[in-house]
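# Pasting the sequence and the predicted coordinates here, then a few questions.
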Amino acid sequence: MLAAETHVVVPDLVLASGIVIALLIALVAGIWLRSRRLFGKLIALEAERADHARQLQDTNARLTSSLKAAEIRTKEIALLTELSGLLQSCQKPDEVFAAVETYAGFLFPEEAGALYLMNDARDGVTRGPRWGEVAATSQAFALEDCWALRRGTKFPVSEASQGLVCGHACCEAGAGTYVCEPLVAQNTLLGVLYREAGNACFADGTDQLATMLAEQISLALANLQLREQLRSQAIRDQLTGLYNRRFLEDALARESGRAMRTGETMALLIIDVDHFKKINDTFGHESGDAVLRELGAVLEKTIRKTDIVGRFGGEEFLVLMPGADIDAAMSRANAVLDAVRAMHVDIPNGAPLRNITASIGLAVTPLHVPKGDMLVAAADTALYQAKGQGRNRVVESDRRSLMVPLAKTGTDG
């Protein structure tokens with residue numbers, strides 16, 4: 001009976017054990033599957049995290065690069081604004097050149113370049129300030145040698161145009177290695193801004209910066225030219241280019257005060273073209289103007305650099321000679337007479353005018369008058385005496401000053 005019962009229990013235990021084992025296997029399999037899925041999710045999350053990290057790094061790099069570029073642009077704009085203020089304060093071209101040469105090295109640290117300005121004949125340009133090691137050796141070149149000057153706009157203008165090389169550029173210049181930016185103000189060509197790339201190509205943003213710089217330089221040079229034109233019109237005679245009466249009167253007052261302080265002598269000549277009305281009536285006013293222009297040129301060649309010459313009015317010219325005594329003044333006046341007698345003046349539709357003469361009145365301070373402001377009246381009286389004595393001569397003032405010279409009289413320089 002016991003054996004039978006044992007035989008029945010064993011299969012039940014085996015069956016129960018099998019069920020437990022199966023359940024354990026199923027549980028382990030379920031745990032393994034869930035772990036596998038979880039591990040897969042973890043791997044995907046890690047890959048996604050790594051991708052996000054890379055994106056964040058790229059974004060951070062771009063932001064850092066943009067920030068650096070913005071800082072560079074801000075610095076460049078600040079420098080350009082500072083330079084603009086300096087350029088507008090410049091009183092002469094040399095000051096403009098010095099400012100450009102100083103600031104260009106900071107604005108274009110990886111480049112070299114130079115500024116070329118239009119010459120007086122307006123048929124070419126001459127090199128002014130430069131920065132960096134410029135490979136181009138041209139000190140001057142004709143307008144035809146530069147595509148930018150021919151066209152009045154920046155060159156090269158495209159990738160295709162880089163195959164054309166300006167004649168003034170470095171002999172090794174190639175695509176993308178140089179740029180010419182014309183200087184233009186009020187539709188007037190003033191020169192060209194020439195740049196050479198330090199590396200194989202120009203840095204981003206430098207073309208726009210160079211355009212802004214060229215505009216500032218052009219404006220500064222145009223302002224200087226306009227200022228000089230206005231100044232010249234205020235003190236120069238338009239016909240002869242000599243000083244006008246206003247300037248002569250100011251110069252006489254200034255030099256008179258200086259002569260009084262130093263005790264030096266000062267001489268004055270008043271020159272009048274003989275029979276000038278007859279020249280106008282016979283040959284026309286254009287011929288008379290030609291005579292006055294030629295006389296102005298003769299006077300500039302005859303006087304000393306320290307003398308002051310100008311057109312006093314009509315056909316009268318005035319020469320102020322600081323430091324000259326009577327002997328020096330008389331010698332200079334006779335030299336002027338000889339130069340006038342040698343004049344050959346080309347006139348419209350006619351043979352050159354010859355046999356032109358002039359009369360000169362001369363006065364010296366303190367020999368003839370005690371003060372410089374009395375020289376014009378004394379010399380003018382002497383001029384009328386020269387006219388009355390037959391013209392074509394120098395007459396010294398017959399006045400005599402009672403003033404004793406304070407110092408030794410000057411000599412002809």
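Perfect, thanks for sending it.

# residue boundaries of the strands in the stretch 151-300 of the chain?
178-185, 188-197, 266-273 (DSSP state E, counting those that start in this stretch).

# got TSV for those strands, with mean pLDDT and mean neighbour count too?
Placement of C-beta: from N, CA and C, glycine included. What follows is the strands of the stretch 151-300 of the chain, written out as TSV (pLDDT from 0 to 100; neighbours: other C-beta atoms under 10 Å):
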stretch	mean pLDDT	mean neighbour count
strand 178-185	92	22
strand 188-197	91	22
strand 266-273	97	26
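
# export those strands to TSV and tack on distance to residue 110?
Output for the strands of the stretch 151-300 of the chain, formatted as TSV (distance: least, C-beta to C-beta, whole Å):
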stretch	distance to residue 110
strand 178-185	13
strand 188-197	8
strand 266-273	59
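
# Residues contacting whichever helix or strand residue 95 is part of, please?
Element membership for residue 95, per DSSP states H and E: helix 93-107. Applying C-beta atoms under 8 Å, 6 or more residues apart in numbering, the external contacts of helix 93-107 come out as 76, 79-80, 82-83, 86-87, 90, 113, 115, 117, 128-132, 209, 213, 217, 220-221, 224.

# pretty sure residue 235 contacts residue 246?
Yes. Using C-beta atoms under 8 Å, residue 235 is in contact with residue 246, at 6.9 Å.

# More neighbours: the two, which one.
Shown here are residue 235 and residue 246; by other C-beta atoms under 10 Å, residue 235 has more neighbours (15 against 12).

# roughly how far apart are that one and residue 147?
Here residue 235 is placed at a distance of 40 Å from residue 147 (C-beta to C-beta, to the nearest Å).

# Show me which helix runs longest in the chain.
Looking across the chain with DSSP state H, the single longest helix is helix 2-89.

# In PyMOL, how would I select the buried members of the contacts of helix 93-107?
Taking 16 or more other C-beta atoms under 10 Å as the burial criterion, the selection of buried members of the contacts of helix 93-107 in PyMOL is written as:
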select buried, resi 76+79+80+83+86+87+90+113+115+117+128+129+130+131+132+209+213+217+220+221+224
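
# all strands of the stretch 301-413 of the chain, in order?
308-313, 316-322, 358-365, 394-396.

# Present those strands as JSON lines; the columns should include mean neighbour count, distance to residue 62 and mean pLDDT.
Shown next, in JSON lines, are those (neighbours: other C-beta atoms under 10 Å; distance: least, C-beta to C-beta, whole Å; pLDDT from 0 to 100):
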{"stretch": "strand 308-313", "mean neighbour count": "21", "distance to residue 62": "68", "mean pLDDT": "95"}
{"stretch": "strand 316-322", "mean neighbour count": "25", "distance to residue 62": "72", "mean pLDDT": "96"}
{"stretch": "strand 358-365", "mean neighbour count": "26", "distance to residue 62": "81", "mean pLDDT": "97"}
{"stretch": "strand 394-396", "mean neighbour count": "21", "distance to residue 62": "86", "mean pLDDT": "97"}
